[in-house]
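In: starting from these lines, generate the structure:
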Amino acid sequence: MNVYLILLVVLCNITCLRASRILVSLFAINLGAEQYVIGLMIALYALFPALLAVYSGRLSDRIGPRIPMIAGSAGLVAGLLIPYAWPTMTALGISAAFFGVSFIFYHVSVQNLLGAISTDANRTRNFSNYSLMIAAGGFFGPLCAGFSIDHFGHRETYLFLALVAVLPLTLLAMSPGLRAAAPRPKMPVGAEHGGQTALDLLRHRPLRSPLIGSAAVLTGTDLFQFYMPIYGHSIGLSASQSGIILSMVGVAAFIVRIGMPSLVRRTGEVVLLAYSLFLGAAAFVVFPFFNDVAVLTVFAFLLGLSLGCGQPLSTILIYANSPPRRTGEALGLRLAVNNAAHVLIPLVSGTIGSVFGIGPVFWMNAMMLAGGGALVRRTGA
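Out: Numbering: from 1, shown residues only. Below is the predicted model of the structure:
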């Protein structure tokens, strides 16, 4: 039952996080923010994860994942309550920073815990189920946020999401089974890495390809979640319509992850990761040429097939190729690389969007995904 409890926690937290991303973009527009300001807030989601990701992985290796998961979930609740209590642009920025700090400790630790309680026989299945919960959250989050905004308002939606986020926090704090399942530290503090640093992991060749692919996939995913509502608003879509389009990414990710084991057997992880990035690049190129909801939904579905396949592939490859007793640090390094890109790219995207419009932002994402696919293909060869 520990695995199922973890998956329920993942579903609730991811639903709230995905919902917050469409919510912060539309609320900022409602408050009169320019695109470069929204880009700054998007960067705040990633700033502290970029700085703290490796440390959070080491902390998870050192003290076990349960306490960081509880602290991260509590921070998620706080980040949702801040804009409800104080509905201003400043509060949105503080909330974004809260999300970044809280989620990085939770996210690395839950992956480390899932890997630790798995065996070689069921690790791929457990990570696959984990990725399905991520996809399901990607469906429920934008859909719930969009309809809630249209029917109740931006501020009230933050309160609703905070109430949802209380559930995983309660489960983590009260579950004795999870406490027993959490792995205990096996080495003295400070002795676990033999003086090695995170840069040594970057020199570990088997990690390079999934790190490159992961950075491209997650950056593309996050930017689409933030900028699609901005594009939808610019062409007159309601929050509900934008939520439906974004939810198609989650539907496609759920579908492709069910069939992913078969695809991996046919092509191999590296080849599949590379071609999923190429598909995502193609979807990003054509997206801003259309304004019909049905057509945009189809392209969002194609994008979900691409990005939904890339996320679990990169996670499995990184965990499987990590040096012994450094799995949490390797997973943290993955998020550090991802979020370093997330800090820079949204700032550039916001500036480009303010000057040239939203289309070039999508095309820049297409170039990033295509370049990532080419590097993964060459590095994994």
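
In: lowest average confidence across helices and strands of this structure, where is it?
Out: Of all helical and strand segments in the chain, the minimum by mean pLDDT, DSSP states H and E falls on helix 176-181, at a mean of 58.

In: contacts for stretch 91-105?
Out: With contact meaning Cβ atoms under 8 Å, 6 or more residues apart in numbering, stretch 91-105 is reached by 13, 17, 20, 24, 27-28, 31, 40-42, 44-49, 52-53, 56, 59, 68-69, 71-76, 78-80, 82-83, 85, 332, 335, 339. C-beta coordinates here come from the backbone N, C-alpha and C atoms, glycine included.

In: now the one helix or strand R265 maps to, how far from the centre of its chain.
Out: Under the criterion of DSSP states H and E, R265 resides in helix 260-267. Offset of helix 260-267 from its chain centre (Cα atoms, centre = their mean, to the nearest Å): 23 Å.

In: repeat for stretch 12-22
Out: Mean-position distance between stretch 12-22 and its chain equals 10 Å (Cα atoms, centre = their mean).

In: ok so, going back, now, of the contacts of stretch 91-105, which are buried?
Out: In the contacts of stretch 91-105, burial by neighbour count holds for 13, 17, 20, 24, 27-28, 40-42, 44-49, 52-53, 56, 59, 68-69, 71-76, 78-80, 82-83, 332, 335, 339, counting by 16 or more other Cβ atoms under 10 Å.

In: before we move on, back to that, what about the contacts of stretch 91-105, which are in strands?
Out: Within the contacts of stretch 91-105, no residue falls in strands by DSSP state E.

In: in which helix or strand would I find S118?
Out: Counting by DSSP H and E, S118 is part of no helix or strand.

In: how many residues are close by the closest residue to it other than its chain neighbours?
Out: Excluding its sequence neighbours, the residue lying closest to S118 (Cβ to Cβ, 6 or more residues apart in numbering) is N126, at 4.6 Å. Residues near N126, counting by other Cβ atoms under 10 Å, number 17.

In: got it, and the one 3 residues further on?
Out: Residue crowding around N129 was assessed by other Cβ under 10 Å; the count is 19.

In: how about H233?
Out: Residues near H233, counting by other Cβ under 10 Å: 17.

In: what sits against S247?
Out: Each residue near S247 by Cβ under 8 Å, 6+ apart is listed here: 138-143.

In: nearest to V295, of the residues you listed?
Out: Nearest to V295, judged by Cβ to Cβ, of the contacts of S247 is P142 at 18.0 Å.

In: tell me which element the residue lying closest to that closest one once chain neighbours are set aside falls in.
Out: Leaving aside its sequence neighbours, P142 sits nearest to L246 (Cβ to Cβ, 6+ apart; 3.5 Å). Assigned by DSSP H and E, L246 belongs to helix 239-258.

In: now do L7
Out: helix 2-30.

In: nearest residue to the middle of the chain?
Out: Nearest to the geometric centre of the chain sits L218, at 6.0 Å (Cα atoms, centre = their mean).

In: helix, strand, or coil at that one?
Out: In terms of secondary structure, L218 is helix; the call rests on DSSP: H, G, I helix; E, B strand; the rest coil.

In: from E156, how far off is it?
Out: Using Cβ to Cβ, to the nearest Å, we find L218 at a distance of 30 Å from E156.

In: where in the stretch 51-200 of the chain is pLDDT low?
Out: 176-200 (pLDDT under 70).

In: please repeat the previous calculation with a cut-off of 90.
Out: Per-residue confidence for the stretch 51-200 of the chain (pLDDT under 90) gives these ranges: 51-69, 97-132, 134-136, 138-139, 171-200.

In: find the nearest non-adjacent residue to V24, please.
Out: That would be L92: by Cβ to Cβ, 6+ apart, it lies 5.6 Å from V24.

In: and the one you found, what helix or strand is that in?
Out: helix 89-116.

In: show the subsequent helix or strand relative to that helix.
Out: helix 123-152.

In: so which elements touch that following helix?
Out: helix 2-30, helix 89-116, helix 154-174, helix 239-258, helix 260-267, helix 293-320 (3 or more Cβ pairs under 8 Å, 6 or more residues apart in numbering; DSSP states H and E).

In: again, only using 10 Å
Out: helix 2-30, helix 89-116, helix 154-174, helix 205-234, helix 239-258, helix 260-267, helix 293-320 (3 or more Cβ pairs under 10 Å, 6 or more residues apart in numbering; DSSP states H and E).
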